[in-house]
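Peer 1: Quick one, fold the following:
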Amino acid sequence: MAGRIEDYALIGDMQTAALVCRDGTVDWLCLPRFDSHAIFAGLLGTEEHGFWRLGPAYASDQQPPTAARRSYRGDSLILESEWDTQRGTVRVTDFMPPRDGAPQLIRIVEGVSGRVPMRSALRMRFSYGRVVPWVHKHDGRTVAVAGPDSVWFDTTAETYGKSLTTYADFTVAPGDRIAFTISWQPSHKEAPPLPEPEQSLEATEDFWREWVDHCTYHGPYREAVIRSLITLKALTYAPTGGIVAAPTTSLPEDIGGVRNWDYRYTWLRDAAITLSSLLRTGYREEARAWREWLLRAVAGDPENLQIMYGIAGERELGEAELDWLPGFENSTPVRVGNGAAHQLQLDVYGEVTEALHLAHMTGLARNDYASLLQLKLIRYLEDHWQEPDEGIWEVRGPRRHFVHSKVMAWVAVDRTIKLIESGDADGPLERWKELRDDIHRDVCEKGYDKERNTFTQSYGSKELDASLLLIPQMGFLPPDDKRVIGTIEAIQRELSTPDGFILRYPTQGDNEGVDGLPGDEGAFLACSFWMADDLAMIGRVDEARKLFEKLLSLRNDLGLLAEEWDPHLKRQVGNFPQAFSHVPLIDTALRLTASGAYGG
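Peer 2: Numbers count the residues shown, from 1 in each chain. This next block holds a predicted model:
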């Protein structure tokens, strides 16, 4: 069985990522890209679907021991795990060097004290656990081959095969260092170069140290902000600048339920808000790369703008179910691809325009095509903003006139007006000012419940929606507007869990709700950070700080967050780690720091 979601650590090379459990098991790794087939899919099944365990040896009738301590080495993505055994202490260092050639996962075992018996058990299963590769020796190296893929396994330890698994049994004493490496290569090519684990470790540490040095945030929440920034960098596909929402698929929002989705793609919304956080903390190069990715992905076709694309800009992300995988804690179906790619979500136009506006305002070098794209987006919205859509949460029920979508359409027009007024673009200024006023009036008349003094999820509905918390943050209304304060307080009353975290919207248990799905879900962490932001904006700064620090306490021991928090099971749920959780963490930390709303 896989561990709990929060039991995992992330390592990666900015092209793919692996999840490492507390017991030293790599249960998830897709090669060579985030969205490639997994060679270790034990996270969504059993050991039969692929894993790599490296840790102290243990009896066959026992569970593998978990590390007594683990941490990242400084401000890096290098994981260090230590086990204390009856025979001594051992450390395992796991990392993936930023890629210059074949992708590699390197694991270095180091004796700390005593003499500790160790075991490496490597079971590669290609195509998400479905295909058993041909494992054989080639020039003294172990290679696993299936179809287009080959994985090369290198170590100085003696290895042997048993039960379609490659083992190594060895003992380490103080000062001993034994390295294990897997490298991916297309099966039709020659073997990848022999790895150089110690040199790669030094280079990886240098890379992260230099990258973190560019951070301009030095406030009281620096540790949490830096870890979140490193996580966002790890979720960036370096060759193109695309940013995945998470490196996993089908980790459930409802344990045992059907709310399981593939997040290994670039959502325009998630990437845009990630860009905002990177720009505000000094990372202009990542922002430039994302803008270039966007321009390539959209390719001058805003009429067919998708809400998400592949990490290289691919448009076809067809959804399928892997029925041979039993799912994380029996949460099925396991999905790959994402059928929401072709939904209409009008808020995305606002998110993209806001990101381009911020890039412009922070001095990112002008790109004439980016300005042209922004104008094309508004011309499309001019004709379509009054249509119903699926909204920010990608509901699979009927389309509605979601208030958040209309607000973000207003944002798109407003930011484009500002671009024209700055002299950096030409457009029908007066006509679009009227359009901005029309959208604003429409939202305030049709999306606001006067009796309850709150905006609602959609026109004519009584339901609330946590995305309404973005109304003051986007500048649609000022924070001191009574309608804003009423909405914040209504969401606190109706969408809060007993411990004060925020749900996205009401769900209906076994019945289908507004999202067209049965089952419930946990508190959505991004929404809870938005609540902290809003509380600070309306002057309730102590309450905002307490909520923020309560949210920080939900992070696992390595500072990582999934998409949601299950208030009943008291555990993280959803894909992991989740960009859409770490971005608002950064934003709220910046806001609270600016307001002086922090303790100590």
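
Peer 1: C-alpha from now on. contacts and neighbour counts both.
Peer 2: OK.

Peer 1: those helices in the stretch 51-200 of the chain, which residues are they?
Peer 2: Along the stretch 51-200 of the chain, the stretches classed as helices by DSSP state H, counting those that start in this stretch are 126-129, 197-212.

Peer 1: out of everything not next to it in sequence, what's closest to Leu525?
Peer 2: Among residues not flanking Leu525 along the chain, Glu564 sits closest, at 5.3 Å (C-alpha to C-alpha, 6 or more residues apart in numbering).

Peer 1: Also Ala67?
Peer 2: Nearest non-adjacent residue to Ala67, counting by C-alpha to C-alpha, 6+ apart: Trp83, 4.6 Å away.

Peer 1: What of Ala355?
Peer 2: The nearest residue in space to Ala355 (C-alpha to C-alpha, 6+ apart) is Ala272, at 5.4 Å.

Peer 1: Give the buried residues for stretch 98-118.
Peer 2: 98, 102-118 (16 or more other C-alpha atoms under 10 Å).

Peer 1: One more: stretch 324-334?
Peer 2: Leu325, Pro326, Gly327, Phe328, Glu329, Asn330, Ser331, Thr332, Pro333, Val334.

Peer 1: if we can go back for a sec, name all residues that make contact with the residue nearest to Leu525.
Peer 2: The contact partners of Glu564, taken as C-alpha atoms under 8 Å, 6 or more residues apart in numbering, are Glu253, Glu521, Gly522, Ala523, Phe524, Leu525, Gln572, Val573, Gly574.

Peer 1: Count the residues that sit near the second one.
Peer 2: What it means is Glu521. By the measure other C-alpha atoms under 10 Å, the count of residues near Glu521 is 25.

Peer 1: Go ahead and confirm it touches Asp254.
Peer 2: Yes. Judged on C-alpha atoms under 8 Å, Glu521 makes contact with Asp254 at a distance of 5.0 Å.

Peer 1: from the contacts of Glu564, which ones fall inside strands?
Peer 2: Counting by DSSP state E, these place Ala523, Phe524, Gln572, Val573 in strands.

Peer 1: check contacts around Leu419.
Peer 2: His357, Ala425.

Peer 1: what about it, is that helix, strand or coil?
Peer 2: Put simply, Leu419 is helix when judged by DSSP: H, G, I helix; E, B strand; the rest coil.

Peer 1: Could you report the separation of it from Ile378?
Peer 2: To Ile378, Leu419 is 12 Å away according to C-alpha to C-alpha, to the nearest Å.

Peer 1: ditto for Pro584
Peer 2: For Pro584, the distance to Ile378 - C-alpha to C-alpha - is 26 Å.

Peer 1: So for those two, which sits in the more crowded spot?
Peer 2: Using other C-alpha under 10 Å, the more surrounded residue of Pro584 and Ile378 is Ile378, with 27 against 23.

Peer 1: right, and that one touches Asp414 too?
Peer 2: No. Shown here, Ile378 and Asp414 do not form a contact pair, counting by C-alpha under 8 Å, at 9.8 Å.

Peer 1: Specify the next element, helix or strand, located C-terminal of the helix or strand harbouring Asp27.
Peer 2: Per DSSP states H and E: Asp27 is located in strand 25-30. As assigned by DSSP H and E, the chain's next helix or strand after strand 25-30 is strand 38-40.

Peer 1: what secondary structure does the closest residue to Val411 other than its chain neighbours sit in?
Peer 2: Leaving aside its chain neighbours, Val411 sits nearest to Gly350 (5.4 Å; criterion: C-alpha to C-alpha, 6+ apart). Following three-state DSSP, Gly350 is assigned to helix.

Peer 1: my guess is Gly350 meets Thr416, correct?
Peer 2: No. Between Gly350 and Thr416 there is no contact under C-alpha under 8 Å: 9.9 Å.

Peer 1: picking up where we left off before, most neighbours per residue, which of the helices of the stretch 51-200 of the chain?
Peer 2: helix 126-129 (a mean of 24; mean count of other C-alpha atoms under 10 Å).

Peer 1: Now do it: which elements does it pack against?
Peer 2: Here helix 126-129 touches strand 38-40, going by 3 or more C-alpha pairs under 8 Å, 6 or more residues apart in numbering; DSSP states H and E.

Peer 1: Which parts of the stretch 451-600 of the chain are strands?
Peer 2: For the stretch 451-600 of the chain, the strands defined by DSSP state E, counting those that start in this stretch cover 454-455, 523-524, 564-566, 571-573.

Peer 1: need the ones you listed in CSV with mean pLDDT and distance to Leu194, can you?
Peer 2: Formatted as CSV, those follow (pLDDT from 0 to 100; distance: least, C-alpha to C-alpha, whole Å):
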stretch, mean pLDDT, distance to Leu194
strand 454-455, 98, 61
strand 523-524, 92, 44
strand 564-566, 95, 41
strand 571-573, 96, 39
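
Peer 1: Single out the most deeply packed of those strands.
Peer 2: strand 454-455 (a mean of 28).

Peer 1: thinking again about what came up before, please identify which of the ones in strands among the contacts of Glu564 is nearest to Arg436.
Peer 2: Phe524 (30.3 Å; C-alpha to C-alpha).

Peer 1: Distance of that closest one relative to Leu554?
Peer 2: Separation of Phe524 from Leu554 (C-alpha to C-alpha): 12 Å.

Peer 1: on that earlier part again, now the helices of the stretch 51-200 of the chain as TSV including mean pLDDT?
Peer 2: Formatted as TSV, these follow (pLDDT from 0 to 100):
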stretch	mean pLDDT
helix 126-129	97
helix 197-212	98
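
Peer 1: nearest to Asn260, of the ones you listed?
Peer 2: Nearest of the helices of the stretch 51-200 of the chain (C-alpha to C-alpha): helix 126-129, 15.8 Å.

Peer 1: how far out from the middle of the chain is the closest one?
Peer 2: The gap between where helix 126-129 is centred and where its chain is centred comes out at 22 Å by C-alpha atoms, centre = their mean, to the nearest Å.

Peer 1: which stretches of the stretch 401-550 of the chain have low pLDDT?
Peer 2: For the stretch 401-550 of the chain, residues meeting the criterion pLDDT under 70 lie at 507-520.

Peer 1: what's the distance between the closest residue to Glu382 other than its chain neighbours and Gly391?
Peer 2: With C-alpha to C-alpha, 6+ apart as the criterion, Glu382 has its nearest non-adjacent residue at 7.4 Å, and that residue is Leu435. Separation of Leu435 from Gly391 (C-alpha to C-alpha) stands at 21 Å.

Peer 1: before we move on, what about His49?
Peer 2: Plainly put, His49 is 36 Å away from Gly391 if you go by C-alpha to C-alpha.

Peer 1: circling back to that earlier point, tell me which element the residue nearest to Glu382 falls in.
Peer 2: Element membership for Leu435, per DSSP H and E: helix 429-446.

Peer 1: Give me the helices and strands touching whichever helix or strand comes after that helix, please.
Peer 2: Where DSSP H and E defines the elements, the next helix or strand beyond helix 429-446 is strand 448-449. Taking 3+ C-alpha pairs under 8 Å, 6+ apart as contact, the helices and strands that strand 448-449 lies on are strand 454-455.

Peer 1: Paired strands for the strand it packs on, with orientation please.
Peer 2: strand 448-449 (antiparallel) (DSSP bridges).

Peer 1: Now find how far off-centre the strand it pairs with is within its chain.
Peer 2: Taking C-alpha atoms, centre = their mean, one finds the center of strand 448-449 at 33 Å from the center of the full chain.

Peer 1: How about stretch 350-367?
Peer 2: Centroid separation between stretch 350-367 and its chain, computed with C-alpha atoms, centre = their mean, is 22 Å.

Peer 1: Then stretch 54-69?
Peer 2: 30 Å.

Peer 1: Give me the buried stretch members for it, please.
Peer 2: Going by 16+ other C-alpha under 10 Å, stretch 54-69 has these buried residues: Leu54, Gly55, Pro56, Ala57, Pro64, Pro65, Thr66, Ala67.

Peer 1: Which members of those residues occur in strands, if any?
Peer 2: Per DSSP E, the subset of the buried residues of stretch 54-69 in strands is Leu54, Gly55, Pro56.

Peer 1: what's the closest of these to Thr171?
Peer 2: Ranked by distance to Thr171 (C-alpha to C-alpha), these are led by Pro56 at 9.1 Å.
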